[in-house]
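Undergrad: Sequence first, predicted model second:
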Amino acid sequence: MWRLARCASSNLSRSLRRRCFYTAAIPGPCIVHKRGTDILHDPWFNKDTGFPLTERDRLGLRGLLPPRVISFEHQYDRFMESYRSLEKNTQGQPHGSVSLAKWRILNRLHDRNETLYYRVLIDNIKDFAPIIYTPTVGLVCQNYSGLFRRPRGMYFSAKDKGEMMSMIYNWPAHQVDMIVLTDGSRILGLGDLGVQGIGIPIGKLDIYVAAAGINPQRILPVMLDVGTNNQKLLEDPLYLGLRQPRLEGEEYLSIVDEFMEAVHTRWPKAIVQFEDFQMKWAFETLQRYRKRFCMFNDDIQGTAGVALAGLLGTVRAQGQPLSDFVNQKIVVVGAGSAGLGVLNMAIEALSRMSGNNEMAVKNKCYLLDKDGLITKERKNIDPAAAPFAKDLKDVEGLREGASPIEVVKKLKPHVLLGLSGVGGIFNEEVLKAMRESDSTKPAIFAMSNPTMNAECTAADAFKYAGPNIVFGSGSPFKDVDLGNGKVGHVNQANNMYLFPGIGLGTLLSGAHIITDGMLQAAAECLASYMTDEEIQKGILYPSIDSIRDITAEVGAAVLRAAVEEDLAEGHGDVGPRELKHMSKPETVAYVSRNMWFPVYSPLVHEK
Ligand SMILES: NC(=O)C1=CN([C@@H]2O[C@H](COP(=O)(O)OP(=O)(O)OC[C@H]3O[C@@H](n4cnc5c(N)ncnc54)[C@H](O)[C@@H]3O)[C@@H](O)[C@H]2O)C=CC1
Ligand SMILES: CC(=O)C(=O)O
Ligand SMILES: [Mg+2]
């Protein structure tokens, strides 16, 4: 049953909680097995000019650095100053090249000094998320082979078949907690980018560190390079991946199987997030592995929870009780892994609310793909979309393959949600038709990424569909000035609000699988996070600035769900019994306490 109880510690002031993250205890020492320049060249341990003199002596660094010791705060200010002057000096230049220049300066720091990098990322997450994550990460992936300077993460290719069990031991960390894996076949809305898709696991794991406080020494971005069907890349002399068409069928699955077995053998507790796989493999691999390994598919499952929280928020914004969700007509444009994931989770929630009358709630949900409205008349219907195909007699006045404008005009939906990857398909005509919606506050979610692939811009949505809409987009847009001091609020309807908490909560619970119950708990937590006052203003999700707060809450909700399902085996010194006895607020505090925070630890050398 959907509960709207406020999250455990939500009455603690958010800013107070944020400050708590900064009162880090004196850091314990960190053992390193290297000395001298090897340390300076290792971004996990490097402190640049920040090594105190005693440490320089201990680690054989004296003379390898300029003599003056610069404090962490001073280094931080210096970096931010250079970032701000880059912003100033590139004003008026093309947006894409400015974004790439910003990414480069951040990436250089990432490659040199991770402690400082993650500190600036955490403190400035709202400004930097659009650079290291969507939309700029899309541009980075498109240009990856040209931008490549240093490797990050691991690359397993079709040529490594039979070798993966030993290759996995090439990774230098003893423990890995979180892996994000892609095969590069559907990178954001940009299609098959082959090996260049590695930018996505890197960006997602940066969000894991910033939002969930996963220790960056325990993360691993992975590219499974099984070839690419992108002809342009195959012909590009700079392309860094395998120059062959993608493996298919059993050949493909045997590569993924081998990788999963290798990971499980070395790090049985590591969580694997599948990211940006083309639809057929996204569903197939989820089915194949979810009962055997600790894994989830972010595009199917993470996106669904965020969208559902947004849809429930919309009902609240309309001033209706949550039970009114069952009366909403929902049109989803895009029948891929994300669109189907959203519809499946929405229908599950709706069914529970309507006393398991799944048929009745399905009748209120409409699904379109590139060929328009999906009905039972559709030839060669995808089996995953088939359960949502409409009987033509139930959609009077509409035809098989009806276009978004025909559907919106006829149905006057409460919600129009885009996960098609096609920029601008919610055009002026479609948006204007949403003015006739049966809802007083219709919702328009243009969730495709990156920005140019969004189904519409925020400005167009408010301009054409009217000021009363609730708006969400996958990539960030600025709030819209509606005149008369009114603001059209933009919600970033992105799975970044959930995946970090799903990963962290699962990790701390010690569960060996991720169940629907754990995912539902995550979505419920996000749905209940905002106050009625915020929701009335059309604000459905917390600000990205407070992403650590919401992640702690989501993580705790996931952990408690694992406990309730008797799956929690504990983590580190905290066993299942202790987890079971934690109250809700204690669980949130426990999760927050376990978030890594970047400070320079004293380094101690051990041979
Ligand atoms: N905001 C968020 O958190 C998330 C956003 N996404 C975005 O959603 C988009 C789709 O992702 P997936 O479902 O994984 O891709 P997918 O490739 O599995 O599915 C795309 C779907 O869109 C349909 N489509 C293509 N052209 C269309 C058109 N002109 N009109 C209507 N439908 C059309 C296709 O037929 C297909 O059903 C991507 O742009 C991705 O960035 C995905 C996951 C999370
Ligand atoms: C956000 C995300 O996961 C996507 O666009 O694929
Ligand atoms: Mg994705």
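TA: Perfect, thanks for sending it. Ligands and ions are numbered 1, 2, ... in the order given.

Undergrad: helix, strand or coil for G28?
TA: Put simply, G28 is coil when judged by DSSP: H, G, I helix; E, B strand; the rest coil.

Undergrad: residues in contact with it?
TA: G28 makes contacts with S601, as judged by CB atoms under 8 Å, 6 or more residues apart in numbering. Heads up, the C-betas are built off the backbone N, CA and C, glycines and all.

Undergrad: quick one: it from ligand 3, how far?
TA: Look at G28 and ligand 3: by CB to the ion, to the nearest Å, they are 36 Å apart.

Undergrad: next one: phi and psi at L147?
TA: When read as degrees, to the nearest 10, the backbone of L147 gives phi -80, psi -20.

Undergrad: Nearest spatial neighbour of it, chain-adjacent residues omitted?
TA: Nearest non-adjacent residue to L147, counting by CB to CB, 6 or more residues apart in numbering: V140, 6.3 Å away.

Undergrad: got it, and A433?
TA: V408 (4.4 Å).

Undergrad: what about that neighbour, how many neighbours?
TA: 25 (other CB atoms under 10 Å).

Undergrad: try T49
TA: Close neighbours of T49, defined as other CB under 10 Å, add up to 15.

Undergrad: Enumerate every residue touching the nearest residue to it once chain neighbours are set aside.
TA: Counting by CB to CB, 6+ apart, T49 lies nearest to I70, which is 4.2 Å off, once chain neighbours are set aside. Taking CB under 8 Å, 6+ apart, we find I70 in contact with 48-50, 78.

Undergrad: measure I70 to H33 for me?
TA: Going from I70 to H33 by CB to CB, to the nearest Å gives 26 Å.

Undergrad: Need the pLDDT of whichever residue of the stretch 351-500 of the chain sits closest to ligand 3.
TA: Using CB to the ion, the closest approach of the stretch 351-500 of the chain to ligand 3 is made by N495 at 6.8 Å. You'll see N495 listed with a pLDDT of 98.

Undergrad: Next: the one 10 residues further on.
TA: For G505, the pLDDT comes out at 98.

Undergrad: I'd say A561 and C525 touch.
TA: No. Counting by CB atoms under 8 Å, A561 stays clear of C525, with 9.5 Å between them.

Undergrad: Low-confidence ranges, the protein, go.
TA: Flagging of the chain using pLDDT under 70 yields the residue ranges 1-26, 356.

Undergrad: and it, which residues reach ligand 3?
TA: Counting by CB under 5 Å from the ion, the chain comes close to ligand 3 at 276, 299.

Undergrad: Could you tell me which residues of the chain lie near ligand 2?
TA: 134, 188, 276, 298-299, 449, 474, 494-495 (CB under 6 Å from any ligand atom).

Undergrad: mind redoing it with 5 Å?
TA: Within the chain, the positions near ligand 2 by CB under 5 Å from any ligand atom are 188, 449.

Undergrad: For ligand 1, what is the nearest residue in the chain?
TA: As assessed by CB to the nearest ligand atom, ligand 1 sits closest to G336 within the chain, at 1.8 Å.

Undergrad: ok, and the closest non-adjacent residue to that residue?
TA: Spatial nearest neighbour of G336, chain neighbours left out: M279 (4.7 Å); criterion: CB to CB, 6+ apart.

Undergrad: Near that neighbour, how many other residues are there?
TA: Residues lying near M279 (other CB under 10 Å) number 20.

Undergrad: So it is in contact with G339, correct?
TA: No. Using CB under 8 Å, M279 is not in contact with G339, being 9.4 Å away.

Undergrad: any chance you could map the strands in the stretch 501-607 of the chain?
TA: For the stretch 501-607 of the chain, strands defined by DSSP state E, counting those that start in this stretch occupy the ranges 603-605.

Undergrad: just the stretch 1-150 of the chain next, same as before
TA: With DSSP E, counting those that start in this stretch, the ranges of strands along the stretch 1-150 of the chain come out as 30-32.

Undergrad: so how far is K393 from whichever residue of it sits closest to ligand 3?
TA: Per CB to the ion, T134 is where the stretch 1-150 of the chain lies closest to ligand 3, at 8.8 Å. Distance, T134 to K393, using CB to CB: 41 Å.

Undergrad: More neighbours: those two, which one.
TA: Neighbours per residue, other CB under 10 Å: of T134 and K393, the larger number sits with T134, 26 against 8.

Undergrad: How about the contacts made by that one?
TA: Neighbouring residues of T134 by CB under 8 Å, 6+ apart: 188, 203, 449-451, 474-476, 494.

Undergrad: So which of these sit within helices?
TA: Counted as lying in helices by DSSP state H, out of the contacts of T134, are G203.

Undergrad: The residue of the stretch 351-500 of the chain closest to ligand 3 and P442, how far apart?
TA: Going from N495 to P442 by CB to CB gives 23 Å.

Undergrad: What of L508?
TA: Using CB to CB, we find L508 at a distance of 39 Å from P442.

Undergrad: roughly how far apart are whichever residue of the stretch 1-150 of the chain sits closest to ligand 2 and Y76?
TA: Proximity to ligand 2, evaluated over the stretch 1-150 of the chain using CB to the nearest ligand atom, is greatest for T134 at 5.9 Å. Separation of T134 from Y76 (CB to CB): 25 Å.

Undergrad: go on, E406?
TA: Applying CB to CB to E406 and Y76 gives a distance of 55 Å.

Undergrad: higher neighbour count, the two?
TA: Neighbour count, other CB under 10 Å: between E406 and Y76, E406 has more, with 18 against 15.
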